[in-house]
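>>> give me a 3D structure for the following:
(2 chains)
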Amino acid sequence: MATQHSRSAARLMLAPAVILLLGWMLVPLTMTLYFSFKKYLPLRGGDLGWVGFDNYIRFVTSSAFWPSVMTTLLIVGGVLVITVVLGVLLAILLDQPMWGQGVVRILVIAPFFVMPTVSALVWKNMFMDPVNGILAHLWKAFGATPIEWLSQASVPSLIMIVSWQWLPFATLILLTAIQSLDSSQLEAAEIDGAPPVKRFWYITLPHLSRAITIVILIQSIFLLAVFAEIFVTTGGAFGTRTLTYLIFQRVLESQNVGLGSAGGVYAIILANIIAIFLMRIVGKNLDA
Amino acid sequence: MARAVTTQRKTINTAIAWAIGLLIFFPILWTVLTSFKTEAQAISDPPVFLFFDWTLENYSIVQERSNYMRYLWNSVIIAGVSTIIGIIIAVPAAWSMAFVPSRRSKDILLWMLSTKMLPAVGVLYPIYLLFIKMGLLDSLVGLTIVVMLINLPIIVWMLYTYFKEIPVDILEAARMDGATLREEILYVLTPMAIPGIASTLLLNVILAWNEAFWTLNLTAAKAAPLTAFIASYSSPEGLFYAKLSAASTMAIAPILILGWFSQKQLVRGLTFGAVK
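Modelled structure (predicted):
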């Protein structure tokens, strides 16, 4: 159906979006690569020449690197486990017949729309404050000593805050997937006498596997980039410095651009590894 | 066939679901409630839930002290303008890939998606430097452009999945009747795609409104939107719970309401059409 004329028109209409995104990707990426091979300290002498792979080696051998990798893995892993497990349970619950289903769904997804700086501050001050926070009141009510959440249990606290923000996303996607499950299958299994746990394990869960994979991949990309929550709550102190935060500190706080850029290249490579898997799934869906 | 469900089971479901729903919603509810308390009531021990003297003074104090309206205005401009420009650029692109697909369309789509995966922190310094060189640091123009670019892939994708659902036959019929390409897009495609475009608009306003990496790193005082305004409450003002709550409520209320309208589109938009 497409004529020569419409083809060239199509190319013309695609051009602005492609050119803009190409520029947005290539220009900063090239600059980051360029800086990563230089000793570059804007406030202390500026460009001090080429240093080869020095920055790459120094970034991974610095004492802050491995702890930051561990923190990143803990936060990403912790949030993924919590949101996926609770998300599946919540999605199944919300799929059951009940009164006021629409309202409950609205309550559950609301945290997703709260801007990261607000949720971080509200949790930090009004919930996790060791004196006036709600959790402190709760602990005292049971006769326990309140916990100084963000210093004594900083990483679990952050996992809790970030999980609260992302649970709605997981729940909503899994709920959408559950609703597409043909209920006659479940009914047949029930008539054949399969107990609920088996029905879940052999019918519901396999049906959800693709949606779970997508949730994990998309969340990983966003979770690796978690920034505002740390910026507002601990500022990277008390062992909450993730890879993203470490790079931010190297680049903007200590203005060691060469070193930070090398870290940035590592982050880009890591994100790309995850992205490749995500693309494969999305790409397959495109053919269908 | 719908199964008959006993009233008893339905009651139990309802009770559990509401309890969990309220628990998840509680931090937001508590913030809104606290914003109407006095500072003394906000930290009273034990906490008061509903029976306190409701007051609006926190809202006026927040506005007076930090000029909330200016931050709100910046947020509206950044979220609104970046989304509109993004859609103007994305509609033709999505049209051409949906209706005149070539061998490369799929690759281009996936490549666009891949730009969204680029970790922002990896390109923080280059953008920061370019902004300084071009005088864009702490400017609405600069921030709007950046937010537009980070959301452009999602806009293209969402529009693409919506356009894909419009039958090509209708467009061809229009062409047979002698409609030019411009007329075809403007008078045939656009009206049919309005619901899709509206959903795309809604979701992207939300994403742009809550964007907190670039807004925190590229603004200071002039162009700072609500994300940065709230971050400035970090300390010591954050200890004034009632004022913090009022500021937070004002920052999230508009988007919470928009968000509830867009929950269906959220799934499609954020999974790039992989889950519908």
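
>>> ok, for A:Leu208, nearest residue in space, not its chain neighbours?
A:Ala177 (5.5 Å; CB to CB, 6 or more residues apart in numbering or on different chains). All C-beta atoms are positioned from the backbone trio N, CA, C, and that covers glycine.

>>> where's the one you found, which helix or strand?
Using DSSP states H and E, A:Ala177 maps to helix A:154-179.

>>> sorry, back to before: number of nearby residues for the residue nearest to A:Leu208?
Number of residues near A:Ala177 (other CB atoms under 10 Å in any protein chain shown) recorded here: 24.

>>> and what of B:Ile197?
19.

>>> do the same with B:Val188
18.

>>> where in chain A is pLDDT low?
Scanning chain A for pLDDT under 70 picks out A:1-4, A:285-288.

>>> thought A:Val108 was touching B:Gln263, still the case?
No - contact between B:Gln263 and A:Val108 fails when scored by CB atoms under 8 Å: they sit 10.0 Å apart.

>>> so the nearest residue to A:Gly283 once chain neighbours are set aside is in which element?
Excluding its sequence neighbours, the residue lying closest to A:Gly283 (CB to CB, 6+ apart) is B:Leu110, at 5.6 Å. Take DSSP H and E as the rule and B:Leu110 turns out to sit in helix B:105-116.

>>> hmm, who's touching that helix?
A:14, A:17-18, A:21, A:24-25, A:272, A:275, A:279, A:282-283, A:286-287, B:97, B:150, B:152-154, B:156-157, B:160, B:272 (CB atoms under 8 Å, 6 or more residues apart in numbering or on different chains).

>>> swap in 7 Å and give it another go.
A:18, A:21, A:24-25, A:275, A:279, A:282-283, A:286, B:97, B:153-154, B:156-157, B:160, B:272 (CB atoms under 7 Å, 6 or more residues apart in numbering or on different chains).

>>> now list the buried members of those residues.
If you count burial by 16 or more other CB atoms under 10 Å in any protein chain shown, the buried members of these come out as A:21, A:24-25, A:275, A:279, A:282, A:286, B:97, B:153-154, B:156-157, B:160, B:272.

>>> does anything pack onto the helix or strand harbouring B:Leu33? Which helices or strands?
Assessed by DSSP H and E, B:Leu33 sits inside helix B:7-34. Counting contacts by 3 or more CB pairs under 7 Å, 6 or more residues apart in numbering or on different chains; DSSP states H and E, helix B:7-34 packs against helix A:65-95, helix A:101-109, helix B:241-261.

>>> could you rerun that using 10 Å?
helix A:65-95, helix A:101-109, helix A:116-121, helix A:134-141, helix A:154-179, helix B:39-42, helix B:241-261 (3 or more CB pairs under 10 Å, 6 or more residues apart in numbering or on different chains; DSSP states H and E).

>>> and A:Lys38, what are its phi and psi?
The phi/psi pair for A:Lys38 (degrees, to the nearest 10) reads phi -120, psi 160.

>>> just to revisit the earlier point, return the residues in contact with the residue nearest to A:Leu208.
Contacts for A:Ala177 (CB atoms under 10 Å, 6 or more residues apart in numbering or on different chains) come out as A:88, A:91, A:204, A:207-212, A:214-215, B:267, B:271, B:275-276.

>>> now intersect those with the helices, please.
Mapping the contacts of A:Ala177 onto helices (DSSP state H) picks out A:88, A:91, A:207-212, A:214-215, B:267.

>>> quick one: B:Ala251 and B:Trp209 touch, right?
Yes - B:Ala251 is in contact with B:Trp209 according to CB atoms under 10 Å; the separation is 9.0 Å.

>>> which residues are common contacts for those two?
Common contacts of B:Ala251 and B:Trp209 (CB under 10 Å, 6+ apart): A:115, B:75, B:225-227.

>>> for the residues you listed, give me CSV that also has secondary structure, neighbour count and distance to B:Val81.
Listed next are the shared contacts of B:Ala251 and B:Trp209 as CSV, based on DSSP: H, G, I helix; E, B strand; the rest coil; neighbours: other CB atoms under 10 Å in any protein chain shown; distance: CB to CB, whole Å:
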residue, secondary structure, neighbour count, distance to B:Val81
A:Met115, coil, 26, 18
B:Ser75, helix, 26, 11
B:Pro225, coil, 30, 12
B:Leu226, helix, 30, 15
B:Thr227, helix, 27, 16
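
>>> check the residues you listed against A:Lys124 and report the nearest one.
Nearest to A:Lys124 among the shared contacts of B:Ala251 and B:Trp209: A:Met115, at 14.3 Å, using CB to CB.

>>> distance-wise, check the closest one relative to chain B.
Noted for A:Met115: a distance of 4 Å to chain B, by CB to the nearest CB, to the nearest Å.

>>> list the contacts for that residue?
Each residue near A:Met115 by CB under 10 Å, 6+ apart is listed here: A:121, A:165, A:228, B:75, B:206, B:209-212, B:215, B:225-227, B:230-231, B:248, B:251-252, B:255.

>>> how about 6 Å then?
B:210, B:227 (CB atoms under 6 Å, 6 or more residues apart in numbering or on different chains).

>>> next, give phi and psi for it.
Backbone geometry at A:Met115, expressed as degrees, to the nearest 10, gives phi -60, psi 140.

>>> show me what from the stretch 151-276 of chain B comes close to chain A.
Within the stretch 151-276 of chain B, the positions near chain A by CB under 6 Å from any CB of the partner chain are B:181, B:210, B:212-213, B:227, B:230-231, B:234, B:238, B:241, B:248, B:251-252, B:255-256, B:259-260, B:263, B:267, B:271-272, B:274-275.

>>> please pick the buried ones from the residues you listed.
So, by 16+ other CB under 10 Å, the buried ones in these are B:210, B:212-213, B:227, B:230-231, B:234, B:238, B:241, B:248, B:251-252, B:255-256, B:259, B:263, B:267, B:271-272, B:274-275.

>>> export the helices and strands packed on helix B:7-34 to a markdown table and tack on distance to A:Gly264?
Output for the helices and strands packed on helix B:7-34, formatted as a markdown table (distance: least, CB to CB, whole Å):
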| stretch | distance to A:Gly264 |
| --- | --- |
| helix A:65-95 | 13 |
| helix A:101-109 | 33 |
| helix A:116-121 | 21 |
| helix A:134-141 | 36 |
| helix A:154-179 | 22 |
| helix B:39-42 | 42 |
| helix B:241-261 | 30 |
